[in-house]
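In: Sequence first, predicted model second:
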Amino acid sequence: MRATKLVCTLGPASEHRVGELVAAGMDVARINCSHGEPDARVRILEAVRRASGQGGRPVGVMADLSGPKVRLGDLEGGEVTLETGARFEFRPDGIGDVRGAGTTHAALASDIEPGDRVLLADGAVELRVMERAGGGVMTEVVRGGTVRSRAGVNVPSERLSMPTISPKDEEDLRWALRAGIDMVAQSFVRRAGDVRALAGMIPDPRPVIVAKIETRPAVEDAAAILDASDGIMVARGDLGVETPLEEIPVLQKRLVALARDTARPVVVATQMLESMIGTPRPTRAETQDVAQAVFDGADAILLSAETAIGRYPVEAVRTAARILETAETAGADFLPRGREPGALDLEELPLARAAAVLALRGGAEAVACFTRSGLTARLLSACRPGVPIHAFTPDPRAVGRMTLFHGVAPRVCEPPSDTDAMIAMMETGLRDIGVGGSVVMVASSPAGRTHANLLKMHRLDV
């Protein structure tokens with residue numbers, strides 16, 4: 001079983017091929033609320049749920065909120081190419097062309113100053129602000145390139161006056177909650193208070209909140225953001241715009257390590273297999289990049305444009321899955337294993353650590369646990385036992401949340417009547433999927449009425 005999870009953004013290139021993406025290895029489907037119409041989201045969600053049922057394994061769904069992101073408006077023909085040395089104006093509104101375009105932030109002229117650097121489309125084009133006049137902003141193209149409609153406009157985030165949670169985010173969140181989305185990704189988080197504000201809008205039991213670290217203030221407040229959230233995403237596109245490119249590899253390692261230290265899942269995202277938007281094979285550097293995320297200890301990687309608008313969405317998923325699997329098997333000596341999260345003080349943690357050590361040293365084929373919320377599975381995942389973790393839960397909502405956890409295969413079960421019935425249920429479930437040999441079992445006694453407090457080495461004969 002591949003342990004590192006694969007998150008795939010669905011869009012025009014893939015919304016009709018969801019079944020193929022699930023078969024190719026997609027673990028979590030990402031719906032980007034910055035793009036597409038509400039009707040398209042509903043179709044995608046229905047397709048994911050249908051393909052998950054037909055494929056016989058759970059696939060989680062993540063709704064990615066737009067956040068305080070400035071974007072270009074619509075462009076003539078869908079894209080324009082800006083030449084170095086040309087002038088480009090940010091206008092209050094209107095269809096854009098090579099001379100200028102509107103943006104989604106009406107007060108942009110108030111947030112930037114002459115001399116500021118502005119980047120378009122994750123840095124594909126660089127502009128320098130020359131002057132502000134009549135509600136618009138005139139810039140000079142320092143580095144030219146091609147941009148599409150609704151491309152991102154990156155300005156210094158600490159001066160951006162947009163609210164952290166916009167009315168559009170609130171509307172998209174209401175839809176996500178009605179639809180039973182498993183995870184919500186919060187874009188352009190700047191401080192822990194942003195995450196707490198979002199959490200305060202969601203009733204329990206809430207979906208997993210994944211805070212996207214893509215601004216310099218978020219990097220500086222990462223520990224507090226992790227404490228407020230259920231996981232993080234290292235979103236290297238916008239982060240690479242706000243920070244020097246040469247710092248990104250180090251920041252990635254630090255953020256992944258910090259997430260693992262708090263037993264929270266971490267996703268590495270942006271340009272993982274970027275060349276596969278237009279070609280059927282990735283570059284060798286991209287292959288190395290995906291494998292390095294595994295060696296760093298990431299719980300998941302994310303494909304964005306590769307599967308949303310690329311020419312080879314299914315091939316990109318298959319390729320990513322192969323790279324992940326090879327890194328985990330042929331590169332097993334380089335994987336972080338048996339590490340106890342050090343920034344937690346939970347009663348369940350010592351048992352999870354003991355289960356990981358027992359699995360590693362006792363030659364277990366798998367770890368099995370019973371969990372109602374997914375916490376036991378999350379702690380086991382963070383301790384990296386080096387074998388598959390089969391998590392049994394009576395709550396279907398917990399199944400969706402656990403699809404992001406490294407090495408965890410979640411499944412629904414009937415609530416057991418007592419501890420013996422719980423162990424028998426896990427034994428039957430493991431046999432049904434062909435697991436045999438020694439298995440470490442983590443459970444609670446009395447069954448389901450206390451935290452995990454029982455550790456057992458169990459022998460299975462298939």
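Out: All right, it came through fine.

In: got a list of contacts for the strand or helix carrying residue 218?
Out: Following DSSP states H and E, one finds residue 218 within helix 216-220. Helix 216-220 is touched from outside by 157-158, 188-191, 211-213, 225, 239, 242-243, 251, 255, with contacts defined as Cβ atoms under 8 Å, 6 or more residues apart in numbering. Any C-beta I mention is one placed from the backbone N, CA and C, and that applies to glycine too.

In: The one helix or strand in the chain whose mean pLDDT sits lowest - contacts with which helices or strands?
Out: Within the chain, no helix or strand scores below helix 236-242, which has a mean of 85 by mean pLDDT, DSSP states H and E. Counting by 3 or more Cβ pairs under 8 Å, 6 or more residues apart in numbering; DSSP states H and E, the packing neighbours recorded for helix 236-242 are strand 152-154, helix 248-261, strand 266-269.

In: deepest of these, which one?
Out: Of all the helices and strands packed on helix 236-242, strand 266-269 carries the top mean neighbour count, a mean of 26, counting by mean count of other Cβ atoms under 10 Å.

In: buried set for whatever helix or strand comes next after that strand?
Out: Reading on from strand 266-269 to the C-terminus, the next helix or strand found by DSSP H and E is helix 284-296. Under the neighbour-count criterion of 16 or more other Cβ atoms under 10 Å, helix 284-296 has 286, 287, 289, 290, 291, 292, 293, 294, 295, 296 buried.

In: Next: stretch 131-151.
Out: Neighbour counts using 16+ other Cβ under 10 Å place 132, 136-139, 141, 144-145, 147-151 of stretch 131-151 among the buried residues.

In: where exactly do the strands run in the stretch 101-250 of the chain?
Out: 117-120, 125-133, 136-143, 145-148, 152-154, 183-186, 208-213, 231-235 (DSSP state E, counting those that start in this stretch).

In: which stretch among those strands comes nearest residue 4?
Out: strand 231-235 (14.0 Å; Cβ to Cβ).

In: Give me the pLDDT value at the residue most central in space within the chain.
Out: For the chain, the residue whose C-alpha lies nearest the mean C-alpha position (Cα atoms, centre = their mean) is residue 267; its distance is 4.5 Å. As predicted, residue 267 sits at a pLDDT of 98.

In: For it, give the beta-bridge partners.
Out: The residues paired with residue 267 through beta bridges, assigned by DSSP bridges, are residue 233, residue 300.

In: Likewise for residue 439?
Out: residue 366, residue 458.

In: I'd like the distance between it and residue 260.
Out: The span separating residue 439 from residue 260 equals 24 Å under the rule Cβ to Cβ, to the nearest Å.

In: now residue 355
Out: When Cβ to Cβ is the yardstick, residue 355 and residue 260 sit 17 Å from each other.

In: and what of residue 132?
Out: 45 Å.

In: do residue 280 as well
Out: When residue 280 is compared with residue 260 (using Cβ to Cβ), they lie 34 Å apart.

In: Return the residues in contact with the residue nearest to residue 294 when sequence neighbours are not counted.
Out: Nearest-residue entry for residue 294: residue 327, 4.0 Å, with adjacent residues in sequence omitted and distances by Cβ to Cβ, 6 or more residues apart in numbering. When contacts are counted by Cβ under 8 Å, 6+ apart, residue 327 touches 4, 290, 291, 294, 295.

In: Doesn't residue 327 belong to a helix?
Out: Yes - when DSSP: H, G, I helix; E, B strand; the rest coil is applied, residue 327 is found to be in a helix.

In: Next one: residue 170 from residue 105, what distance?
Out: Note on residue 170: its distance to residue 105, by Cβ to Cβ, is 17 Å.

In: Mind checking which of these two has more residues around it?
Out: Between residue 170 and residue 105, counting by other Cβ atoms under 10 Å, residue 105 is the more crowded of the two (19 against 13).

In: hang on, the more buried one packs against residue 162?
Out: Yes - the criterion here is Cβ atoms under 8 Å, and residue 105 meets it with residue 162 at 5.9 Å.

In: Next, show the common contact partners of the two.
Out: Here residue 105 and residue 162 have residue 70 as joint contacts, going by Cβ under 8 Å, 6+ apart.
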